[in-house]
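Engineer: attaching a predicted model along with its sequence, questions to come.
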Amino acid sequence: MSRLFEPFAMGGHELANRIAMAPLTRSRARPGNVPSDLAPLYYSQRAETGLIVTEGTAISPSAIGYLDVPGLWTTEQLEAWKPVTKAVHDRGGVIFTQLWHVGRVSHVSTQPDRAAPVSSTARIAADSQAFGLRDDGMAALVDVSKPRALTTEEVRGVTEDFVNAARNAIEAGFDGIELHGANGYLIEQFLNPNVNDRTDAYRGDTLEGRTRFLLETLDAVIAAIGAERTAVRLSPYGQLFDNPVYPEIEETYLYLADEFSRRGIAYVHLMDQSTRGSSGTPADFLAKFRAHFKGSLILAGGMTRERAEEMIDTNIIDIAAFGEPFIANPDLVARLRNRWPIERSDHAIHYGGGARGYTDFPEYSAEGVSA
């Protein structure tokens, strides 16, 4: 049998296979950023995968840059996640939640009292949009608003917001959390020296400064819930939301790989953004990262069964993450295993709405065969 479909021990977590469901924003939360009543069914339909990582989940009201995303800072939100984790566990699945702060990739319409979004910088993200409200009140993609740079003390406050959300996640029954440090959002706004123009301890022109926010947050979360329940997602060569490449990329991320190894975290989840218009992750970089990080390594972005098997067989990665294919294929693991057809999803119904395009996709069936 292909190693892709074999069980895998990810730290203290026993996975049924080496396939992960990558985070997928679906914008179906109820008022108050409470997870949808359909979320337990949505996630349990996909629980055959070895690891589920939920959609990005906001850690505070100011962390939001997209309408109708779920949160984990209130009791009501926490309670609404409990049926989700139970439904996945009842099917033998493992589920982490991705904790998210968008930073400057936001619009005043999604912020408390229409305040400016916060970031490592006061510079606006060029050519970037968030999912907010137009002047006429209609939901749409809108140009991001000018951010405000966090004060030094406020940076530490955001770390506490991550810790609070992590504690809530464990109380809600999640097996762990993934810090969203990828795709041009807040953590990456600190990591990228072309974005981070600070002059304090979190300054972007030194290695220690630009990595300080992530590592301090990681340490605080580990102290609260344990290293085996803590993970990180990164996109080293990504350029989303005005995050240009810089000469120190390899130095920055290999330093982080060493630091993650020392802490013994559950996994690192790398995102290759080549399918989203950014530079691809060089193969030699992946090999170098693998040499520096001793824990479980996940890769997402343009994944296929063939690519996943090759990278796992050559020990470049441990787990292959699939994102969009899980939308229209709740039984994606079975489809990959049996080489059944993989359906394409309709982008028009990815965000917002109800059951249509969310929980109404059938499992594969053919004459005499049912997934």
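Structural biologist: Sure thing, it's come through.

Engineer: hmm, who's touching the top strand by length along the chain?
Structural biologist: Determined from DSSP state E, the single longest strand within the chain is strand 51-58. Strand 51-58 has contacts (CB atoms under 8 Å, 6 or more residues apart in numbering) with 10, 13, 15, 19-26, 33, 43, 46, 64, 69-73, 84, 88, 93-101, 165, 169, 178, 180, 233, 269, 298, 319, 321. From N, CA and C alone the C-beta is placed, and that goes for glycine too.

Engineer: now that strand, how far from the chain's geometric center?
Structural biologist: 6 Å (CA atoms, centre = their mean, to the nearest Å).

Engineer: strands along the stretch 151-300 of the chain, start to end?
Structural biologist: Taking DSSP state E, counting those that start in this stretch, the strands of the stretch 151-300 of the chain run over residues 176-181, 230-234, 267-271, 296-300.

Engineer: partners of the last one, with directions?
Structural biologist: What it means is strand 296-300. strand 267-271 (parallel), strand 319-322 (parallel) (DSSP bridges).

Engineer: in CSV, list the C-alpha atoms belonging to that strand.
Structural biologist: C-alpha atoms of strand 296-300 as CSV (Å, rounded to 0.1, in the frame of the first residue of the first chain):
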residue,chain,number,x,y,z
SER,A,296,6.4,16.4,11.4
LEU,A,297,6.4,18.4,8.2
ILE,A,298,3.3,19.1,6.1
LEU,A,299,3.2,20.7,2.7
ALA,A,300,0.1,22.2,1.0
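
Engineer: tell me the first helix or strand C-terminal of it.
Structural biologist: Sequence order places helix 305-313 as the next helix or strand after strand 296-300, per DSSP states H and E.

Engineer: which neighbouring elements make contact with that next one?
Structural biologist: Packing contacts for helix 305-313, counted by 3 or more CB pairs under 8 Å, 6 or more residues apart in numbering; DSSP states H and E, involve strand 319-322.

Engineer: now find how far off-centre the very next helix or strand once past the strand it packs on is within its chain.
Structural biologist: Next helix or strand after strand 319-322 toward the C-terminus (DSSP H and E): helix 325-328. Offset of helix 325-328 from its chain centre (CA atoms, centre = their mean): 16 Å.

Engineer: again, but for stretch 139-149
Structural biologist: Counting by CA atoms, centre = their mean, stretch 139-149 comes out at 20 Å from the chain centroid.
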